[in-house]
Structure formats: structure tokens, C-alpha cells
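Visitor: Coordinates for the following, if possible.
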Amino acid sequence: MNKRNQVEDPETKQRLEKLLPLGKKKWVRYEEGAMLYSMGLHSFQKLAKDANAVYHVNRIVLVNTEKVDEYIELMCADEPSDY
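Guide: Model prediction:
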């Protein structure tokens, strides 16, 4: 992944396509979520925390993508569009 979060590496593209063969995964780790939402790792971590979508299972951190999607929808609905 380059600095602008565009996936150029063929192996990374294949991994990302495997994540969503039939739909979206409900639970992802931070790195997978950052790739799925096309954003940087720290930006995704903040988004997930703001959405209260972070769950700690033993030493693993999982993010509920349904909560992240809902949070984005609610936050975007409140902002006026510039279009």
C-alpha cells in the first residue's frame, strides 16, 4: 500500500478480494479494516473507537464493521453536502 492508501501490490489486492467474496465481513482487525475502508491505520482506529465498535478478545482487537457503517451513515447524514 502506498502513502495514499491505494492498493497496488497484487498480493494485497488478492487478500482484499478474499475478504469480501460474497459480502462484507462483520468482524475485522485494524489492518483489514483500514484496507476495506481505504484509509490509514490510525484513521481507522480512531473511527472504530468513535463508533464504539472495538472489542477486545484476549489479546486480539476486533472491530464490528456494521457499527462502523452505521456510525458513518449517521455522521454523514448530519453534515451538509457541498455538491
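
Visitor: any idea of the mean pLDDT for the longest helix seen in the chain?
Guide: Counting by DSSP state H, the longest helix found in the chain is helix 65-78. Here helix 65-78 scores 89 as its mean pLDDT.

Visitor: got the buried residues for it?
Guide: 65, 67, 68, 71 (16 or more other Cβ atoms under 10 Å). Glycine gets a C-beta too; all of them are placed from N, C-alpha and C.

Visitor: closest to residue 14 among the residues you listed?
Guide: Among the buried residues of helix 65-78, residue 65 lies closest to residue 14 (Cβ to Cβ), at 20.1 Å.

Visitor: Next, work out how far apart the closest one and residue 32 are.
Guide: From residue 65 across to residue 32, the span is 9 Å (Cβ to Cβ, to the nearest Å).

Visitor: Same check on residue 59?
Guide: 17 Å.

Visitor: of these two, who's got more company?
Guide: The residue with more neighbours, out of residue 59 and residue 32, is residue 32; 18 against 5, by other Cβ atoms under 10 Å.

Visitor: Run through the neighbouring helices and strands of the host helix or strand of the more buried one.
Guide: Using DSSP states H and E, residue 32 sits in helix 30-36. Applying 3 or more Cβ pairs under 8 Å, 6 or more residues apart in numbering; DSSP states H and E, we find helix 30-36 packed against helix 10-19, helix 41-50, strand 60-64, helix 65-78.

Visitor: want to try CSV for those, with distance to residue 25 as columns?
Guide: Shown next, in CSV, are the helices and strands packed on helix 30-36 (distance: least, Cβ to Cβ, whole Å):
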stretch, distance to residue 25
helix 10-19, 6
helix 41-50, 14
strand 60-64, 10
helix 65-78, 6
